[in-house]
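K.L.:
let's see this in three dimensions:
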Amino acid sequence: MFKPNPLSVAIMLACTGVAPSLYAEEQVLAEVQVSAAADAPATNGYQPVFSRASTKTDTALLDTPQSVSVVTAQQIKDQAVQSMAEAVRYTPGITFAQGEGNRDAAVIRGSTSTGDFFLDGVRDDVQYYRDVYNIDRVEILKGSNGLAFGRGGAGGVINRVSKEAGWTPVREVNVSVGSYDHKRIALDVGGGLTSSVAGRVNVVSEDSDSYRDGVSVRRNGISPTLTLKPSDRTKVVLSAEYFNDLRVTDRGIPSQNGKPFKTDESTFFGNAEQSPTETTVRTVGMAIEHRFKNGVMLSNKTRYADYDKYYQNVYANGSVSGANMVALAAYHDDTQRQNVFNQTDLLVRATTGSIKHDLLLGTEFGRQDTENFRINGTVTPSSVSASNPRGVATFAATRARDSVSQVDVSAVYIQDQLTFNKQWQMVLGLRQDRFVTDFTDKVGTNSGKTTDTELSPRAALIYKPVDSVSIYTSYSKTFVPRAGDQLSSLTGANRNFDPESFLNKEVGVKWDPRADLSLAATLYRLERGNVAITDPAVTTQAILVDGQRVKGAELSATGKINHAWSVTGGYAFADSAITKSQTMSIKAGNETNQTPRHTFSLWNRYDVNDRYGVALGFVSRSRMFAQDDNTVKLPGYGRVDAAAFLNASKNLQLQLNIENLLNRDYYVNAHNNNNITPGSPIAARLSATYKF
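P.N.:
Numbering: from 1, shown residues only. Model prediction:
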């Protein structure tokens, strides 16, 4: 059972008595600055203004020493975004893997993860497809940052920021229809209930098919929030969500001779009728924020989440042979997880001599209880013709895998944002995590308990030659415990090994040439260590090696070129390499999977006048490999998207979005060498937003 942490309580009791006598005069000035930042909008059109994600404080993006991209509410609306993969497709340096057709799987700077997802800064790590119906913006942080997020986040993280109840009335309904029988409706209603209470509710319902034979998605969600302001200094946000996603597990097409098998993009390999996946998410949360008269700010977040997820799939389990045959396989996988996390942050703004400090003290405590089992299937026939690749599966009565795990997390961290003068700033911080995994294998003998105590340091220096330019260099680390991305990788052989480590070194330049335009350039080097491989000298044992390195550059632009022309996009270069041979097929010198060397994207919206607008986008990437063995290559592609906007009246807005305008054939991503996703042919969505 989760209990309130004593350190959080101690901080709450102590904060009113410690700071006032130290910096009373300075505290008053700092308090005004905090209030202004908190009340100001976090985004302006396509341009992000500030974020808490990287530093856990309201910091301008210009002064944040990390590569951070923000998909704003305006961009989500203009691009008709409905999923995480759609949200990030115009963000340099990030792609999405297939995720076996049942989950979000981000690839950031060469590291693939299904667990590095957060909601309002709190971990949301079960494998499922997330929607954006109740999301204000999506923040993509690139580079390790264990101080802000704890374990994981090897290449970066994705943080969704919820729509919050406020006193500005919101009353709108959005209806969209489109290709492949797409149908979706979303409702967003909110406003002040009293002078101190505001409410908001978001609802979504979707029923859509796909360009893939037999593939469909049915989803429903409701997310109410309440904001309470018992005083000018205190805010309490209560939130809840029920979300259900039912779809067909789609693992795409196999390969042949080192490249995707040539077939119609609609062809389903396996059995769509026997490949359902369903996720039900139930969450409740509370966030409390209080500003004391001395300028100290205390915040606390608690979230409980219950996840019920299963997927079943009948899929291609090998490449297409010269005789045009392909093997099929099947299994059923079920996961139940309950998460509870509590975060407490104490922010003290103070001055010592001429140096200003934003001193952050924090704790995080959490528990994750997980049950997972798998049942294998037998497909008849086990090998089928690639011209008619359908089989029928029967599933075993016994479980091939059945495990229970309990993970307890406790962490304490300290960070200081120092301002020396108008030109120089510094960020220094350190976090210590204690990560305890108790794992029970009900089928085999793979049970055990392990404790990892890890430090995650962070250091950055910022130089501002003028107010609109910042130049920074940063160093940060994070770790991934042996329990792995989904807390199920602990074995008797690896439980005594140190966690994997990820070290990110980064330099960058950020420039806001106008108040509504931001440009950024970044150079980075990300190194992965403590990779467990078979000892070449003693093949019955394993050893740890430094196993991966990615170095690259990123350029981005967001905001307005002029009053009518808005842009977002950029270019990313990634040079990835396996630095130590890990198996007979994953050799030193290979590239990391699904890490294209070049990616480019640019979305342009031009408002002809107050009524009409048009948009044109281009997304491209160079070739990449499906797996680390580099035996199957996915060719590069370029795709054109377009949109048109009409303000039909004061309350009605119409919008047409077209994906793959030129109807190009291409391959989006993969899960492995024989689960490859072909891209959609030209597709259109027509949506109407009515404000009442």
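
K.L.:
low-confidence stretches in the stretch 551-692 of the chain?
P.N.:
Judged against pLDDT under 70, the stretch 551-692 of the chain has no low-scoring part.

K.L.:
and the strands in it?
P.N.:
Listed from the start of the chain, the stretch 551-692 of the chain has strands (DSSP state E, counting those that start in this stretch) covering 565-578, 598-607, 612-621, 624-625, 633-634, 637-647, 652-659, 667-672, 675-678, 683-691.

K.L.:
to residue 279, which of these lies closest?
P.N.:
Residue 279 sits nearest to strand 667-672 of all the strands of the stretch 551-692 of the chain, at 17.7 Å, using CB to CB. For every residue, glycine as well, the C-beta is placed using N, CA and C.

K.L.:
distance of residue 384 from residue 409?
P.N.:
Distance of residue 384 to residue 409, computed by CB to CB, to the nearest Å: 46 Å.

K.L.:
export the strands of the stretch 551-692 of the chain to JSON lines and tack on distance to residue 122 and mean neighbour count?
P.N.:
As requested, the strands of the stretch 551-692 of the chain are exported to JSON lines (distance: least, CB to CB, whole Å; neighbours: other CB atoms under 10 Å):
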{"stretch": "strand 565-578", "distance to residue 122": "27", "mean neighbour count": "21"}
{"stretch": "strand 598-607", "distance to residue 122": "29", "mean neighbour count": "19"}
{"stretch": "strand 612-621", "distance to residue 122": "31", "mean neighbour count": "18"}
{"stretch": "strand 624-625", "distance to residue 122": "32", "mean neighbour count": "24"}
{"stretch": "strand 633-634", "distance to residue 122": "34", "mean neighbour count": "20"}
{"stretch": "strand 637-647", "distance to residue 122": "33", "mean neighbour count": "17"}
{"stretch": "strand 652-659", "distance to residue 122": "31", "mean neighbour count": "19"}
{"stretch": "strand 667-672", "distance to residue 122": "27", "mean neighbour count": "22"}
{"stretch": "strand 675-678", "distance to residue 122": "30", "mean neighbour count": "23"}
{"stretch": "strand 683-691", "distance to residue 122": "30", "mean neighbour count": "17"}
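
K.L.:
okay, these in a markdown table with distance to residue 257 next?
P.N.:
Listed next are the strands of the stretch 551-692 of the chain as a markdown table, based on distance: least, CB to CB, whole Å:
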| stretch | distance to residue 257 |
| --- | --- |
| strand 565-578 | 23 |
| strand 598-607 | 25 |
| strand 612-621 | 22 |
| strand 624-625 | 15 |
| strand 633-634 | 10 |
| strand 637-647 | 19 |
| strand 652-659 | 30 |
| strand 667-672 | 15 |
| strand 675-678 | 13 |
| strand 683-691 | 30 |
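
K.L.:
contacting residues around the residue nearest the centre of the chain?
P.N.:
Geometric centre of the chain, nearest residue: residue 158, 2.5 Å, by CA atoms, centre = their mean. By CB atoms under 8 Å, 6 or more residues apart in numbering, the contact set of residue 158 is 84, 88, 106, 116-118, 138-141.

K.L.:
so which of these sit within helices?
P.N.:
residue 84 (DSSP state H).

K.L.:
tally of neighbours for residue 451?
P.N.:
Number of residues near residue 451 (other CB atoms under 10 Å) recorded here: 12.

K.L.:
please apply the same query to residue 682.
P.N.:
14.

K.L.:
ok, it - contacts?
P.N.:
179, 658-663.

K.L.:
what sits opposite residue 576 in the beta ladder?
P.N.:
Taking DSSP bridges as the rule, residue 576 bridges to residue 550.

K.L.:
what's the closest non-adjacent residue to residue 613?
P.N.:
Nearest non-adjacent residue to residue 613, counting by CB to CB, 6 or more residues apart in numbering: residue 645, 3.8 Å away.

K.L.:
after the worst-scoring helix or strand of the chain on mean pLDDT comes which helix or strand?
P.N.:
Using mean pLDDT, DSSP states H and E, the weakest-scoring helix or strand in the chain turns out to be helix 20-39, at a mean of 38. Counting by DSSP states H and E, the next helix or strand C-terminal to helix 20-39 is strand 43-44.

K.L.:
partner strands of that following strand, with direction?
P.N.:
Strand 43-44 has these strand partners (DSSP bridges): strand 47-48 (antiparallel).

K.L.:
setting aside sequence neighbours, what's the nearest residue to residue 190?
P.N.:
Distances taken as CB to CB, 6+ apart place residue 200 nearest to residue 190, at 2.8 Å, with adjacent residues excluded.

K.L.:
the one you found bridge partners, please.
P.N.:
With DSSP bridges as the rule, residue 200 is bridged to residue 190, residue 225.

K.L.:
neighbouring contacts of stretch 536-543?
P.N.:
Contacts for stretch 536-543 (CB under 8 Å, 6+ apart): 493-494, 497, 532-535.

K.L.:
let's see it at 7 Å
P.N.:
493-494, 532-535 (CB atoms under 7 Å, 6 or more residues apart in numbering).

K.L.:
let me see the contact set for residue 449.
P.N.:
Neighbour list for residue 449: 437-438 [criterion: CB under 7 Å, 6+ apart].

K.L.:
what's around the residue nearest to residue 190, how many residues?
P.N.:
Residues near residue 200, counting by other CB under 10 Å: 22.

K.L.:
next: the one 10 residues further on.
P.N.:
Using other CB under 10 Å as the criterion, residue 210 is surrounded by 21 other residues.

K.L.:
how close does it sit to residue 652?
P.N.:
Separation of residue 210 from residue 652 (CB to CB) stands at 29 Å.

K.L.:
can you check residue 211 too?
P.N.:
30 Å.

K.L.:
got it, and residue 107?
P.N.:
From residue 107 over to residue 652 (counting by CB to CB), the distance is 39 Å.

K.L.:
please apply the same query to residue 83.
P.N.:
Residue 83 is 26 Å from residue 652, by CB to CB.

K.L.:
related to what we said a few turns ago, residue 305: which of the strands of the stretch 551-692 of the chain is closest?
P.N.:
For the strands of the stretch 551-692 of the chain, proximity to residue 305 was assessed by CB to CB; strand 667-672 is nearest, at 25.3 Å.

K.L.:
quick one: that closest one to strand 612-621, angle?
P.N.:
40 degrees (axes from the mean of the first three to the mean of the last three CA atoms, to 10 degrees).

K.L.:
now for strand 667-672, which elements pack on it?
P.N.:
Identification of packing neighbours for strand 667-672 by 3 or more CB pairs under 7 Å, 6 or more residues apart in numbering; DSSP states H and E yields strand 675-678.

K.L.:
contacts for the strand it packs on?
P.N.:
98, 100, 251-253, 255, 260, 265, 315-316, 626, 634, 667-670.
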